[in-house]
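Enquirer: from the sequence below, what's the structure:
(3 chains)
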Amino acid sequence: MPGTLKRSPLKRPERPYIALGLEGSANKLGAGIIQHDPDGSTTVLSNIRHTYITPPGEGFLPQDTARHHRQWIHSVIKDSLKQAGVGIQDLDCICFTKGPGMGAPLQSVALVARTLALMFNKPLVGVNHCVGHIEMGRQITGAQNPVVLYVSGGNTQVIAYSQQRYRIFGETLDIAVGNCLDRFARVINLSNDPSPGYNIEQEAKKGKKLLPLPYTTKGMDVSLSGILSATEAYTYDKRFSQSAEPSPENDTITPADLCFSMQETVFAMLVEITERAMAHIGSKEVLIVGGVGCNERLQDMMGIMARERGGNVFATDERFCIDNGIMIAQAGLLSYRMGSVTPLSETSCTQRFRTDEVHVAWRA
Amino acid sequence: MEVYDYPHFCLQAAVCLLTDVKNGPEIRKKIVQAATCQGEEGNALRDAVNFAFIDARLITSILHLQTAIYYALLAQSQECLRTKTVHSEILWALNPSNNISEAIRRYGLSDSTTSLFVVEIGAIPSHLDKINAIVDGTVSPFARLPEITDWGTIRKYHKLNNELAIQHIEDTTVANAMIDEIVISTVAMKSVSQ
Amino acid sequence: MATASLIINSTQISQGAEAKVYKSYVHTSFDSDAKVPILLKHRFKKQYRHPSLDTSLTRARVAGEARALLRCLRSGVSVPGIRMVDATESVLGIEWIEGKSVRMLLGGGAEGEDEQVLDPDQSFDDTTDASGESVSHLDPLEEYQVTIDGVMGLIGSEIAKMHKADVIHGDLTTSNMIIRHPFAAKGPSHTKLVLIDFGLAYTSSLVEDKAVDLYVLERAFASTHPDSEPMFFAVLEAYKNGTGKDWTAVERRLEDVRLRGRKRSMVG
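Expert: Model prediction:
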């Protein structure tokens, strides 16, 4: 991305730099290897992920998720090295997710990172998960200075860069959008494979009716818990039928109608607050990151809004949207190249780690 | 008399303030006749009183009246008049409640009316002579309105006596300016007032 | 379509995220030159929204904004008066206020990216100055005969009055507060500060909603005005004086909301 770093404090590397990124803040375990070259280019050498999938109607619990991560971390790291064609000794640094996320899974992965660092005498770089998403999104899409909508199972934030911080302009006042969708998927017993959000999206395509749901935007913030309970309440309605075919004629409410209504309402709210932030800071670019960012209906709606403003939407596919190791490697390596390493004594994890706490040294 | 132009409705509104009106009861009689009489004769009668007659005591400012006129024009253009004519709609718009007969009783001409706004809406409003032919009064400049306005009754009709906005204001000029703003805004948002 | 043709003959002032704002003249007289402008706010269709959701939402917001304004007026909160409402065409006509937003007055947008600001519903920039002259060399605070403390006090007391009337603004930012130009003041006793843009307003007596309203403003201060803590503190002081005994509950809840909002980020 030579163009984007014109006045950047980040100097071009004098030799290729390689970093390993480890991610396990929720139910996805990922390892990825990235390379920054002297010509300014960036190459994804590998990006391996293994997801902990629970049965329909169940969410993932911290302890079970951590157990999954411990079980799979060896093969995930081995695969990533093998695919990249590099050995651990070739790495410049090992990057891991410091937070935010679930405590036990975070710790299980950090422990592996520390062990590798000590065994092979490599520097560690602790990375903010959200910043990882943003940096990977910018890298993949080439977006220069976008307003970022970060939507995942644990986060719903509208972010814009200013003075070496990713500042949060708007966010959810209660639950995250992914959490809202996942929990509703459990209510109507949708499969968690490959992800509840994906299955809601497919179900919504069959929906025919837009049911009224609370539309709550407060400034640049949104509130989503009301939508979840209102949608859930429809499943107790006399008109609700789990098995009926969705139809615009009758008044039957089907799961597909509920998925459709929920998506239309929730995404309209998200696009609205993103647009407010764009108007507020005068930006024409928007970048969607996080697991919910894979949703094509959300991407469509955002695209229409951005075009109306004479701008563009940037989104990535599931390889980079959904939690992965490569984004941790990317953000970590940027930070490492600015001379930042995390001393062993400070490699603890934190469940709560605000996006705006990170000093973004590598941007002007 | 002043004529206001509303090119986007292709209409104009002529507004005339008459003071020292002596034939209030007589005008009322004519309005009632016009409403009941049929045929050719009825049409002539109706044409003669085809105005909105508004008791000037309940008007707080020219903008107040203009806002009601605008409301009526908009309602007519969207074919959602709540009353029979654009002229009666002005009276309805002025009254804070949705009760049509109450609006006409309060804001229309009564036997005690001595100051009167006459409004005519049309593509080209008629000449002043037509108004003089029906109303026996003195055509006055709008600047006289402050002497006419009955703030006490306006407060009562708009239930403003206990409102925070004017409760603690000693200066009547300031309080009246507040009331004017509230009353104008009430008229302006009539179409969405619950 | 009368309102649409009225808009065609009006001057567009700005385009916000939701609405286009115009300066317009109605009631033009054949007999005098006196022209009083009004501000038209047209909520245009959002193509990204489902059409029926868009229609009901827009209608509700036009009506809601008008109702909130009237409720504020009746409670003595300084807001623009209403001039016309066309819910069918999503247009709200309000009093034109000559002045400058608090954001501009405080030199808001000091941050690099903010220079190209095209602010939502912000129609009161230098260009529409009442004197018609370029006065940018003057200290705006001096020109407007106000002090920062004075402005913060007005913000706090107006919001207090608004909350006492159970109106929640829903989008409190320094862009949504105008200081009337001294030339356009309605008189010495008239409040200089005017709260605008009630597009997201609703009524509620819940302490929670009032606290969130304040929190939204606090965040707006923090994101647009660097080192704004003392300013926002002064706002809260005035708010406290204005709300009296209700303050304790709001203050406690504001603390909660801050914690919730700030530390909510959990699972990645």
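Enquirer: now stretch C:106-115: mean pLDDT?
Expert: If you average the pLDDT over stretch C:106-115, you get 48.
Enquirer: quick one, what contacts the residue nearest to C:Ala165 when sequence neighbours are not counted?
Expert: Of all residues not flanking C:Ala165 in the chain, C:Ser75 sits nearest, at 3.5 Å (C-beta to C-beta, 6 or more residues apart in numbering or on different chains). In this view, the C-beta of every residue, glycine as well, is placed from N, C-alpha and C. Counting by C-beta atoms under 8 Å, 6 or more residues apart in numbering or on different chains, C:Ser75 makes contact with B:Glu163, B:Leu164, B:Ala165, C:Lys161, C:Met162, C:Lys164, C:Ala165, C:Val167.
Enquirer: do the same with C:Ser205
Expert: Contacts of C:Ser205 (C-beta under 8 Å, 6+ apart): C:Asp166.
Enquirer: helix, strand, or coil at it?
Expert: Here C:Ser205 is coil, with the state taken from DSSP: H, G, I helix; E, B strand; the rest coil.
Enquirer: A:Thr65 touches A:Pro105, doesn't it?
Expert: Yes - counting by C-beta atoms under 8 Å, A:Thr65 touches A:Pro105, with 4.6 Å between them.
Enquirer: so for these two, which residues contact both of them?
Expert: Common neighbours of A:Thr65 and A:Pro105, counting by C-beta under 8 Å, 6+ apart, are A:Ala26, A:Asn27.
Enquirer: re the thing from before, which of the contacts of C:Ser75 sits closest to chain A?
Expert: Nearest to chain A out of the contacts of C:Ser75 is C:Val167 (C-beta to the nearest C-beta; 13.7 Å).
Enquirer: which residues touch that closest one?
Expert: Per C-beta under 8 Å, 6+ apart, neighbours of C:Val167: C:Ala68, C:Arg71, C:Cys72, C:Ser75, C:Val77, C:Phe198, C:Ala201, C:Tyr202, C:Thr203.
Enquirer: tell me what it is bridged to.
Expert: Note on C:Val167: beta-bridge partners by DSSP bridges are C:Thr203.
Enquirer: follow-up on the earlier one: between A:Thr65 and A:Pro105, who's got more neighbours?
Expert: Legend: neighbour count by other C-beta atoms under 10 Å in any protein chain shown for A:Thr65 and A:Pro105, higher for A:Pro105 (31 against 26).
Enquirer: in the helix or strand containing that one, what's buried?
Expert: According to DSSP states H and E, A:Pro105 maps onto helix A:103-120. For helix A:103-120, the neighbour count (16 or more other C-beta atoms under 10 Å in any protein chain shown) marks A:103-114, A:116-117 as buried.
Enquirer: after it, next one along is what?
Expert: Remark: after helix A:103-120, the chain's next helix or strand is strand A:124-128, criterion DSSP H and E.
Enquirer: next, name the residue at the spatial heart of chain B.
Expert: B:Ile54 (3.7 Å; C-alpha atoms, centre = their mean).
Enquirer: any idea how far the nearest residue to that residue once chain neighbours are set aside is from chain C?
Expert: In space, not counting the residues next to it along the chain, B:Ile54 is nearest to B:Phe117; the distance is 4.2 Å by C-beta to C-beta, 6+ apart. From B:Phe117 across to chain C, the span is 14 Å (C-beta to the nearest C-beta, to the nearest Å).
Enquirer: that older thread, which of the buried residues of helix A:103-120 are close to chain B?
Expert: When the buried residues of helix A:103-120 are checked against chain B using C-beta under 8 Å from any C-beta of the partner chain, none falls in range.
Enquirer: about what we covered before: the residue nearest to the centre of chain B reaches B:Ala93, doesn't it?
Expert: No - between B:Ile54 and B:Ala93 there is no contact under C-beta under 8 Å: 10.6 Å.
Enquirer: in the sheet, who's paired with A:Thr217?
Expert: Beta-bridge partners of A:Thr217, as defined by DSSP bridges: A:Val222.
Enquirer: what residues are up against B:Val135?
Expert: By C-beta under 8 Å, 6+ apart, the neighbours of B:Val135 are B:Leu18, B:Val21, B:Asn23, B:Ile27, B:Leu116, B:Val118.
Enquirer: among those, who's most crowded?
Expert: Neighbour-wise, those (other C-beta under 10 Å) top out at B:Val118, 28 neighbours.
Enquirer: contacts only, for the closest residue to C:Ala220 other than its chain neighbours.
Expert: Spatial nearest neighbour of C:Ala220, excluding adjacent residues (C-beta to C-beta, 6+ apart): C:Thr173 at 3.8 Å. Contacts for C:Thr173 were tallied using C-beta under 8 Å, 6+ apart; they are A:Gly219, A:His280, C:Arg103, C:Val216, C:Leu217, C:Ala220, C:Thr224.
Enquirer: do B:Ile154 as well
Expert: B:Leu58, B:Thr60, B:Leu160, B:Ile179, B:Val183.
Enquirer: try it again with 10 Å
Expert: The contact partners of B:Ile154, by C-beta atoms under 10 Å, 6 or more residues apart in numbering or on different chains, come to B:Arg57, B:Leu58, B:Ile59, B:Thr60, B:His64, B:Pro96, B:Leu160, B:Asn176, B:Ile179, B:Asp180, B:Ile182, B:Val183.
Enquirer: for it, pull up the helix or strand it's in.
Expert: Using DSSP H and E, B:Ile154 falls within helix B:151-157.
Enquirer: end to end on stretch A:336-353, go ahead and measure it.
Expert: Length of stretch A:336-353, first residue to last, C-alpha to C-alpha, to the nearest Å: 19 Å.
Enquirer: residues of it that come out buried?
Expert: Those would be A:Tyr336, A:Arg337, A:Met338, A:Ser340, A:Val341, A:Thr342, A:Thr347, A:Cys349, A:Gln351, A:Phe353, for stretch A:336-353 by 16+ other C-beta under 10 Å.
Enquirer: ok, A:Thr252 touching A:Leu258?
Expert: No - using C-beta atoms under 10 Å, A:Thr252 makes no contact with A:Leu258, being 11.5 Å away.
Enquirer: close to chain C, is the helix holding A:Pro105?
Expert: Yes - counting by C-beta under 10 Å from any C-beta of the partner chain, chain C has neighbours in helix A:103-120: A:Gly103, A:Pro105, A:Leu106.
Enquirer: could I get the residues you listed as TSV with pLDDT?
Expert: Compiled in TSV, the residues of helix A:103-120 next to chain C are given as follows (pLDDT from 0 to 100):
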residue	pLDDT
A:Gly103	94
A:Pro105	96
A:Leu106	97
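Enquirer: nearest to A:Met262, of the residues you listed?
Expert: Closest approach to A:Met262 among the residues of helix A:103-120 next to chain C (C-beta to C-beta): A:Pro105, at 27.4 Å.
Enquirer: contacts only, for the closest one.
Expert: With contact taken as C-beta under 10 Å, 6+ apart, A:Pro105 is in contact with A:23-29, A:52, A:60, A:62-70, A:97, A:349, C:267-268.
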